[in-house]
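Undergrad: coords please:
(chains A and B)
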Amino acid sequence: MDLTCTEEEETFRAKLREWLWQVLPKLPPKPDPGDWPGRREYDLGWQRMLYDAGYAGLHWPVDAGGQGATPTQHLIYLEETERAGAPYVGANFVGLLHAGPTIAAEGTAEQRARWLPPVLRGDEVWCQGFSEPDAGSDLASLRTKAVRDGDSYVITGSKIWTSHAEVADWCELLVRTEPIGPSAPKHRGISWLAMPMDAPGITVRPLRTLAGSAEFAEMFLDEVRVPVANRVGEENDGWRVTMVTLSFERGTAFVGEVVACRRTLGELARTAQRNGRWDDPVLRRRLGRLNAEFSALWRLTQWNVSEAQNAGGVPGAGGSVFKLRYSHARQELYDAAAEVLGGDCVDLAHEWNQDRLSSLSYTIAAGTSQIQQNIAAERILGLPKGR
Amino acid sequence: MDFRLTDEQRALRNGVRELLAGRFGRDALRAAVGREGTVDRALWRELGEAGFFSLRVPEADGGVGLGLPEAVLAFEEAGRALLNGPLVATHLAATGGVPGAADGGRVVTCDTQLPGFIPHFADADVSVALHGASMEGRSTDGRSLQARPLQARSMRVRYPKDLPTARPARSMDPLTPLHRIPGAARTAPPRPDAVLLTAAEQLGSAARTTEMAVQYAKEREQFGRPIGGFQAVKHLCAQMLVRTEVSRSAVYAAAVTEDFTEIAGAKLLADEAAVRNARDCLQVYGGMGFTWEADVHLHLKRAWLRGAMWLTASEAEEIQAEALASAL
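TA: Next comes the predicted model:
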C-alpha cells in the first residue's frame, strides 16, 4: 500500500500546475450551458491548447498519437486540471474518451490516421449514437438497421439521448447488421460505424431536459449512406468493440468530478458558516459525513487506478462499484446544498440549483444504478443471471 | 503510487486467515458463544506467538516490527472470523510495552473505549486507560504496572485514579461480556490506532456478511430457482459489496496516511458497512436469519457494539465537519 507519487510523477504534476497557472487566465469566458455552438468552440479551443502544450490524449497510446501516460499520471492530470478550475472535457467527451480509444484499439491503420489526429488537435467533435427509444438499459435490443448496398450501409432508424448531436462532425453509431432471430442472439448482429453527421437523411431534434436546457437530442436516420470502410471491427462484432470502449471508461471517468465535489463541499461549508446554517448540528454533521464519503471515493479511485495499472491499463469491474456510490453521493451533495441555501434553493440563478437538477441524471446515464447493481451482483459476486 | 497490497501484506493476511480458520472455525465460535464470550487462553497465547499482538512492536524489542497497514489487515481477519476478546486493547498494550501483552500471556482490556462499560473485565489481567498519547496500566487486582509511554501524539491524556467499581451487565453481544462502570465518561479524543483497528474489524465483518449472504442466495431456492437470481436479492448483495469496498478503501488509506480525520472517516464508513451489511444479510437469510443458530446476529450485535466504541458516528461526523471548516 503506497499512496505517494514518484519523483517523476511529482515533476509531471509541478510542470502541469505551472502550465495551467499560465494558460487558464487566457481562456475566453465560459459559454452558457445550453449554448452548444458556443460550447463546441470553447471546448475545441481548450483541446487545441492542450494539444499545443503536449497534453492532448494523455492516456492514449503513443502509436495513436497520445502521450502514453500511466494511469497515475492521468489521475494527476485530472486532479490538477479540476483543482485549477480548467475546462471539463465537454463536447470532446465522446471523441477523447469513447470513440478515440475504440478506434485506437480496434481500428485499421487508415482509420486511426483519419480520425484520431483531428480529435486530439481539437478539429472534430464526436457524438454517441448508442441508445434508442426501446434500447436504453437493454442496449443490445437496438433496432436501427443497416443494409449493405455495394460499398455502403444504408441506415434507417432512430437514436435518442445523443448529447450535442447538432454540433458534432461524427457519430459513433451502433447499428444492427443482422436481425435478431433464433440463430442470432441479440448481442450478435451489431456493428460499430463512424457516421459523418453531414450525411443526407439525418435529422436532429433537440430534447429539453428537466434542467430546462437542450442537453441532448433525438436523431432520425432515413436511408443514410455510410461507407462500409467506416466500420470499426468486424461486421456483427460491434458489441465486443463497444465493451472494449466501456471497460476503458469506468476506471477514471469520474476522477475529476470527485475532486469537483470536494471543492463544492468546501464551498458549502464556507457558505454555511457565513449564513449561520453551520450552527445547525444536523446539517453540519451531514456535511461532515459527505466529507468522509468523498474522501473514501477518492481513495477508491486510487485503488481502482492501481488495479488498472497492474492490469495493463484496463480497469476492472470496480468501476461499477464506484459509479453506484458516487452517483448517489453526488445527489446527496446537492440536496445538502439546498439546505445550506435555505430559501435560495428555489432560485435557478444559483449555480448549485442547476447542478442539483443535473445531478439527477447520474443514477441513469451510462447504465442505471439498477443495471450497475446487476453487473456487480453477477460479474463480481457471481450470483446467477435472471430477472 | 501503488495502493494495492504488497506480496508480503497479502501473505500476512492469508497467514492470519488460515490461522483463524484452523483455530477459530464455526465450532470454536459456537463454543465461545457457549461460554459467554470468555477468552480462550490457549488461543490467546497462540495469537501472541504468531505475533498478532506484537505486530507493531519494534524488532529490537522482540516484536514483528511492522506498521499500521499490516495491523489493519490482521484485525480485518479477526473481524471476519468474529474472534472474541479484547484484541485492540491487548494489541495496543503490547505496542505500549505492558508486560505479558505481546506474547499473549496476559489479557488486557481497556476502560475508556465504551462510555460506562468495560468489556472482558472478569477475564482480563490488566486494564488500561487509553486516551491520546499515553496509557496507564493496572492489573485488575489493583497492583500497578509500569508501562512505557507510547509515541507522543498531540492529544490530551487521562490517568484514572483508581480502578472503577465494576458490576456485571447483560451484554447484547454474546461474545463480549460487559461490566458497568458507574460515572465513567469519555473525556478526551481516543487513540487514532484504536479507532482504526476497530474500523478494520468492522470491515472484516462487513466483507464476511457479504460472503454469507451471497453464498446463501446461491443455494437457497424459492419459486424453483436460487433466490440470488431475483433482482431484489441481487441488489441487496450488490449494495453490501459497495459498502464493503468503499470502507475498505477508506480504512486502508487511513492506515497509510495515519491522518486522524481520515481515520475518523474510515470508522464512520466501516461502522455503517458492518451494521448495514449484517442487517441486509439477515434479510437475505429470511426467517433463518432471525434464529440463534445462524451466525448473522453475532455479526450484527458485535457491529453495533464496535460502533459505540472509541468513536461514535456523530463524533466522527463532527471531526469531519471540523476538518472541512478548518480547510477553508
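Undergrad: and the gap between the closest residue to B:Arg41 other than its chain neighbours and B:Gly228?
TA: In this structure, B:Arg41 finds its nearest non-sequential neighbour in B:Val107, 7.6 Å apart by Cβ to Cβ, 6 or more residues apart in numbering or on different chains. The C-beta positions use only the backbone N, C-alpha and C, and glycine is treated the same way. To B:Gly228, B:Val107 is 41 Å away according to Cβ to Cβ, to the nearest Å.
Undergrad: for B:Thr210, give me its contacts.
TA: A:381, B:237, B:240-241, B:244, B:277, B:281 (Cβ atoms under 8 Å, 6 or more residues apart in numbering or on different chains).
Undergrad: show me the shaky parts of the chain.
TA: Chain wasn't specified; assuming chain A. A:246-253, A:312-317, A:387 (pLDDT under 70).
Undergrad: please go with chain B instead
TA: Ranges of chain B meeting pLDDT under 70: B:131-164, B:183-189, B:328.
Undergrad: mind listing what the residue lying closest to A:Cys261 once chain neighbours are set aside touches?
TA: Once flanking residues are discounted, A:Cys261 sits nearest to A:Phe294: 5.2 Å by Cβ to Cβ, 6+ apart. By Cβ under 8 Å, 6+ apart, the residues touching A:Phe294 are A:258, A:261-262, A:265, A:329, A:333.
Undergrad: can you do 7 Å?
TA: Shown in contact with A:Phe294 (Cβ atoms under 7 Å, 6 or more residues apart in numbering or on different chains): A:258, A:261-262, A:265, A:329.
Undergrad: could the residues you listed go into CSV alongside secondary structure and neighbour count?
TA: What follows is the contacts of A:Phe294, written out as CSV (DSSP: H, G, I helix; E, B strand; the rest coil; neighbours: other Cβ atoms under 10 Å in any protein chain shown):
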residue, secondary structure, neighbour count
A:Val258, helix, 23
A:Cys261, helix, 24
A:Arg262, helix, 20
A:Leu265, helix, 22
A:Ala329, helix, 20
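Undergrad: so which of these is the closest to chain B?
TA: Set against chain B, the nearest of the contacts of A:Phe294 by Cβ to the nearest Cβ is A:Leu265 (6.6 Å).
Undergrad: in contact with that closest one, which residues?
TA: A:287, A:290-291, A:294, A:333, B:324.
Undergrad: in helices, which of the residues you listed appear?
TA: Per DSSP state H, helices hold the following members of the contacts of A:Leu265: A:287, A:290-291, A:294, A:333, B:324.
Undergrad: and the buried ones among these, selectable in PyMOL?
TA: To isolate the buried members of the ones in helices among the contacts of A:Leu265 in PyMOL, using 16 or more other Cβ atoms under 10 Å in any protein chain shown:
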select buried, (chain A and resi 287+290+291+294+333) or (chain B and resi 324)
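Undergrad: just the closest of the ones in helices among the contacts of A:Leu265 to B:Gly48, please.
TA: A:Asn291 (38.6 Å; Cβ to Cβ).
Undergrad: which parts of the stretch 51-200 of chain B are strands?
TA: B:108-110, B:117-119, B:126-131, B:134-139, B:167-169, B:178-180 (DSSP state E, counting those that start in this stretch).
Undergrad: which residues does the residue of the stretch 101-250 of chain B found nearest chain A contact?
TA: Here the residue of the stretch 101-250 of chain B nearest chain A is B:Gly229; by Cβ to the nearest Cβ that distance is 3.1 Å. B:Gly229 makes contact with A:384-386 under the criterion Cβ under 7 Å, 6+ apart.
Undergrad: in strands, which of the residues you listed fall?
TA: Using DSSP state E, no member of the contacts of B:Gly229 sits in strands.
Undergrad: include distance to A:Glu132 and neighbour count when you put those into TSV, please.
TA: Listed next are the contacts of B:Gly229 as TSV, based on distance: Cβ to Cβ, whole Å; neighbours: other Cβ atoms under 10 Å in any protein chain shown:
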residue	distance to A:Glu132	neighbour count
A:Pro384	28	15
A:Lys385	23	10
A:Gly386	25	14
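Undergrad: excluding its backbone neighbours, what's nearest A:Ala361?
TA: If you look again at residue A:361, you'll see it is Ser, not Ala. In space, A:Ser361 is closest to A:Thr209, 7.8 Å off (Cβ to Cβ, 6+ apart).
Undergrad: was I right about that neighbour contacting A:Ala217?
TA: No: in this structure, A:Thr209 is not within contact of A:Ala217 by Cβ atoms under 7 Å, at 10.7 Å.
Undergrad: the more surrounded of those two?
TA: A:Ala217 (21 against 16; other Cβ atoms under 10 Å in any protein chain shown).
Undergrad: ok so, going back, what about the residue nearest to B:Arg41, neighbour count?
TA: 23.
Undergrad: A:Thr177 too?
TA: Residues near A:Thr177, counting by other Cβ under 10 Å: 21.
Undergrad: do B:Arg26 as well
TA: Count around B:Arg26 with other Cβ under 10 Å applied: 10.
Undergrad: distance of it relative to B:Cys110?
TA: To B:Cys110, B:Arg26 is 29 Å away according to Cβ to Cβ.
Undergrad: tell me which stretches of the chain form helices.
TA: In the absence of a named chain, chain A is used. A:7-23, A:36-53, A:71-83, A:93-94, A:100-106, A:109-121, A:238-252, A:255-275, A:281-310, A:318-341, A:351-359, A:369-375.
Undergrad: ah, I was thinking of chain B
TA: B:7-23, B:26-34, B:41-50, B:68-81, B:87-95, B:192-219, B:231-257, B:260-285, B:296-308, B:313-326.
Undergrad: for the second one, buried residues please.
TA: Counting neighbours by 16+ other Cβ under 10 Å, one finds that the buried residues in helix B:26-34 are B:28-29, B:32-33.
Undergrad: quick revisit: nearest to A:Leu173, of the ones in helices among the contacts of A:Leu265?
TA: A:Leu333 (34.7 Å).
Undergrad: test my guess that the closest one contacts A:Leu290.
TA: Yes: contact criterion Cβ under 7 Å: A:Leu333 and A:Leu290 qualify, at 5.8 Å.
Undergrad: got the contact list for whichever residue of the stretch 51-200 of chain B sits closest to chain A?
TA: Among residues of the stretch 51-200 of chain B, the one nearest chain A by Cβ to the nearest Cβ turns out to be B:Pro69. It sits 5.0 Å away. By Cβ under 7 Å, 6+ apart, the contact set of B:Pro69 is A:1, B:9, B:252, B:255-256.
Undergrad: so how many other residues sit close to the residue lying closest to A:Arg356 once chain neighbours are set aside?
TA: Nearest non-adjacent residue to A:Arg356, counting by Cβ to Cβ, 6+ apart: A:Tyr334, 3.6 Å away. Applying other Cβ under 10 Å, we find 21 residues neighbouring A:Tyr334.
Undergrad: got it, and B:Pro182?
TA: Neighbours around B:Pro182, by other Cβ under 10 Å: 9.
Undergrad: spell out which parts of the stretch 151-300 of chain A neighbour chain B.
TA: A:265-266, A:269-270, A:273, A:284-285, A:287-289, A:291-292, A:295-296, A:299-300 (Cβ under 7 Å from any Cβ of the partner chain).
Undergrad: now with 8 Å, please.
TA: A:265-266, A:269-270, A:273, A:278, A:281, A:284-289, A:291-293, A:295-297, A:299-300 (Cβ under 8 Å from any Cβ of the partner chain).
Undergrad: just the buried ones from the residues you listed?
TA: In these, the ones that pass as buried (16+ other Cβ under 10 Å) are A:265-266, A:269-270, A:273, A:278, A:284-289, A:291-293, A:295-297, A:299-300.
Undergrad: what's the neighbour count on residue 38?
TA: By default, I'm working from chain A. Neighbours of A:Gly38 (other Cβ under 10 Å): 16.
Undergrad: my question was about chain B, not that one.
TA: 16.
Undergrad: relative to A:Met195, how far out is it?
TA: 73 Å.
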